[in-house]
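Trainee: coords please:
(one chain, ligands or ions: 1)
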Amino acid sequence: MSEQFVVVGAGIAGLATAAALQRRGCSVTVLEARTDTSSGAGISIWPNALAALDEIGLGDAVRAAGGRVTGGALRWYDGSWLRRPATERLTTALGEPLVVVRRGTLADILAGALTPGTIRFGTTVTALLLTAEGVRLSLSDNSDIHAAAVVGADGTHSVVAQHLNGTLPHRYAGYTAWRGVARYRLDAELAGETLAPGAVVGHVPLGDDLTYWFASERAPEGRFAPEGELPYLATRFGGWADPVSAIIGATAPGEVLRNDLYDRASARQWTRGPVVLVGDAAHPMRPHLGQGGCQGLEDAATLAFLVAQAPDIAGAFSHFAATRRPRTTSLVRESALIGKLLNLRPAALSALAGRASGLIPEAVLTRHLATVAAGSAFRLPY
Ligand SMILES: Cc1cc2nc3c(=O)[nH]c(=O)nc-3n(C[C@H](O)[C@H](O)[C@H](O)COP(=O)(O)OP(=O)(O)OC[C@H]3O[C@@H](n4cnc5c(N)ncnc54)[C@H](O)[C@@H]3O)c2cc1C
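Mentor: Got it, this is the predicted structure:
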């Protein structure tokens, strides 16, 4: 069997890339290892990614499906304010509010844009071989499939990234993250983050009556709370001022996810010939800027645009890597730096760093944030 494009992985980056390529008239098949790709909790889609989704024709569907964040509060865990931006300041700086959606809803919108039958679930790619005609992909059922070009959207453990780079080591970042959705109506002004020594909790509206939240703290690798994550969090954050303690109290046990956070070595090689990487496979980053998935969406719109412009696929892929690498590299660095500051040892140092961040002048902060996440921060190459 021979295909024009094979996308490996049906996460955010893979689905969006497939949708963007099909919109440009390409024939695409997506191979996904899992049989069930449903995922919980929410995700922040910043205006830069909404602009990328507009290129794919899906921006308004995502805007309509989520909650809108207009605040950017930073508070201490006793409820005192470290930063209290003027209403709408964030929206003015970014061009529009950021949108928070359930991950499952985002995946449905992206997958719903694909031609029926595009995704082959339960199909794991085990190896790639460059041939005279393109690429031969070996599958876990011992069959293979040929493609003119391959897009590796297979996440941090990417087989495609290893094909291009060899082994890419992972290292535990030293802290763990929880995410959840609470049945709680959040005051718009409180959307933002609450800090304490060695811990941070973020909270943003996911529509009128729901709040998406995330929390992180230092922890040994691979641990789970023996009494259950939610009872642990209720104790850990029970003494914090609202909205934090109320949000944890309004979360159902099935709505909580816990993941240890890892740094993966960056992929030096993003492309070779008709093979290219997008999303976490290319540029995994810590979650502190809320930009990992957003950059996957920027990748998708940019890659499809360049494929439509360039006379040959390898040239389009090289141009893509040259265009996207500088932007994503600076975001990888910045999110790692924020993570390190928030998790400094001893915890008093992290408290100092957190409190000091409240002293950065509002104008400086919003100007910088706009370079990362405003609609105008996403630009197609020409
Ligand atoms: C706590 C936390 C909070 C976050 N918050 C945000 C946020 O608010 N905003 C944001 O933009 N980002 C956020 N991120 C980052 C974001 O989740 C990721 O960057 C994004 O999901 C990566 O998408 P992806 O498609 O590149 O990779 P993945 O989601 O990892 O998808 C890869 C897919 O490839 C499949 N696959 C893997 N190997 C193979 C194979 N060999 N063959 C076939 N299929 C394969 C996998 O099954 C998977 O479905 C957060 C991350 C964390 C951990």
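
Trainee: what residues does the stretch 201-350 of the chain put near the ligand?
Mentor: Proximity of the stretch 201-350 of the chain to the ligand (Cβ under 6 Å from any ligand atom) is limited to residues 214, 259, 279, 280, 287, 290, 291, 292, 293, 294, 296. Heads up, the C-betas are built off the backbone N, CA and C, glycines and all.

Trainee: out of the residues you listed, which comes closest to residue 104?
Mentor: Relative to residue 104, the closest of these is residue 293; by Cβ to Cβ it sits at 13.2 Å.

Trainee: around that closest one, how many other residues sit close by?
Mentor: 21 (other Cβ atoms under 10 Å).

Trainee: so how far is residue 122 from it?
Mentor: Residue 293 is 23 Å from residue 122, where distance means Cβ to Cβ, to the nearest Å.

Trainee: number of residues surrounding residue 228?
Mentor: Residue 228: 12 neighbours (other Cβ under 10 Å).

Trainee: got a list of what the closest residue to it other than its chain neighbours touches?
Mentor: Nearest residue to residue 228, sequence neighbours excluded (Cβ to Cβ, 6 or more residues apart in numbering): residue 253, at 6.6 Å. By Cβ atoms under 8 Å, 6 or more residues apart in numbering, residue 253 lies in contact with 228, 229, 230.

Trainee: residue boundaries of the helices in the stretch 101-250 of the chain?
Mentor: 103-112, 159-165, 229-236, 244-249 (DSSP state H, counting those that start in this stretch).

Trainee: how far out from the middle of the chain is the second one?
Mentor: Read it as helix 159-165. 20 Å (Cα atoms, centre = their mean, to the nearest Å).

Trainee: and what of stretch 271-282?
Mentor: Put simply, stretch 271-282 sits 17 Å off its chain's centre (Cα atoms, centre = their mean).

Trainee: number of nearby residues for the closest residue to residue 331 other than its chain neighbours?
Mentor: Excluding its sequence neighbours, the residue lying closest to residue 331 (Cβ to Cβ, 6+ apart) is residue 291, at 5.2 Å. By the criterion of other Cβ under 10 Å, residue 291 has 26 neighbours.

Trainee: next one: residue 291 from residue 5, what distance?
Mentor: 25 Å.

Trainee: what's stretch 356-371 in contact with?
Mentor: 74, 81-83, 85-86, 89-90, 93-94, 341, 376-377.

Trainee: CA atoms only: put it into PDB for me.
Mentor: Only the C-alpha atoms of stretch 356-371 are listed here, as PDB (Å, rounded to 0.1, in the frame of the first residue of the first chain):
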ATOM      1  CA  ALA A 356       9.700  38.400  43.100                       C
ATOM      2  CA  SER A 357       7.900  37.600  39.900                       C
ATOM      3  CA  GLY A 358       5.000  39.600  41.200                       C
ATOM      4  CA  LEU A 359       7.300  42.600  41.100                       C
ATOM      5  CA  ILE A 360       7.900  42.500  37.400                       C
ATOM      6  CA  PRO A 361       6.200  45.600  35.900                       C
ATOM      7  CA  GLU A 362       2.900  44.700  34.300                       C
ATOM      8  CA  ALA A 363       3.800  46.400  31.000                       C
ATOM      9  CA  VAL A 364       7.100  44.500  30.700                       C
ATOM     10  CA  LEU A 365       5.300  41.200  31.400                       C
ATOM     11  CA  THR A 366       2.500  41.700  29.000                       C
ATOM     12  CA  ARG A 367       4.800  42.900  26.300                       C
ATOM     13  CA  HIS A 368       6.900  39.700  26.700                       C
ATOM     14  CA  LEU A 369       3.800  37.500  26.900                       C
ATOM     15  CA  ALA A 370       2.600  39.000  23.600                       C
ATOM     16  CA  THR A 371       5.800  37.900  21.800                       C
END
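
Trainee: please identify the buried residues of that stretch?
Mentor: For stretch 356-371, the neighbour count (16 or more other Cβ atoms under 10 Å) marks 357, 358, 365, 366, 369, 370 as buried.

Trainee: any idea of the pLDDT on residue 346?
Mentor: pLDDT recorded at residue 346 is 69.

Trainee: swap in residue 2?
Mentor: According to the prediction, residue 2 has pLDDT 57.

Trainee: over to residue 51?
Mentor: pLDDT, residue 51: 98.

Trainee: quick one: the one helix or strand it maps to to chain centroid distance?
Mentor: Here residue 51 sits within helix 47-56, counting by DSSP states H and E. Averaging C-alpha positions (Cα atoms, centre = their mean) puts helix 47-56 14 Å from its chain's average.

Trainee: next one: stretch 162-171
Mentor: 20 Å.

Trainee: buried stuff in it?
Mentor: For stretch 162-171, by 16+ other Cβ under 10 Å, it's 162, 163, 164, 165, 168.
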